[in-house]
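Engineer: this one's structure only:
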């Protein structure tokens, strides 16, 4: 196999591994679920896990922490 053929094969293999999101994503303004091409609403995490190489680490932002755990903010650390 020549050098060019090897390079083409390597590029084709790399391209087949790339997952790219582009365009408009229909997302619910309230629950943040994303509608897929078949019309089903999916949790944002499952949508991105299926359509990209992204991985998730969950936490709480300061606003949600105050909303969900207001009593914990009054305690001494």
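Structural biologist: Good, I have the coordinates. Everything numeric here is computed off the predicted structure, so don't read it as measured data.

Engineer: Quick one: residues contacting the residue positioned nearest the centre of the chain.
Structural biologist: Here the mean C-alpha position of the chain is nearest to the C-alpha of residue 48 (C-alpha atoms, centre = their mean), at a distance of 3.1 Å. Residue 48 makes contact with 21, 54, 56, according to C-beta atoms under 8 Å, 6 or more residues apart in numbering. From N, CA and C alone the C-beta is placed, and that goes for glycine too.

Engineer: By pLDDT, rank those residues and give me the bottom one.
Structural biologist: The lowest pLDDT within those belongs to residue 21, which sits at 73.

Engineer: I'd like the next helix or strand past the one helix or strand in the chain whose mean pLDDT sits lowest.
Structural biologist: One helix or strand of the chain scores below all others by mean pLDDT, DSSP states H and E: helix 3-17, with a mean of 84. Next helix or strand after helix 3-17 toward the C-terminus (DSSP states H and E): strand 34-35.

Engineer: Not counting its own residues, what contacts the helix or strand just after that next one?
Structural biologist: Once the chain leaves strand 34-35, the next helix or strand it forms, by DSSP H and E, is strand 41-42. With contacts defined as C-beta under 8 Å, 6+ apart, strand 41-42 is touched by 28, 33-36, 50.

Engineer: Specify which member of those residues is nearest to residue 17.
Structural biologist: Closest approach between the contacts of strand 41-42 and residue 17, by C-beta to C-beta: residue 50, at 15.1 Å.

Engineer: tell me which element the closest one falls in.
Structural biologist: For residue 50, the enclosing helix or strand under DSSP H and E is helix 44-51.

Engineer: related to what we said a few turns ago, greatest separation within the contacts of strand 41-42: which pair is it?
Structural biologist: Within those, 28 and 50 form the most distant pair, 17.3 Å apart (C-beta to C-beta).
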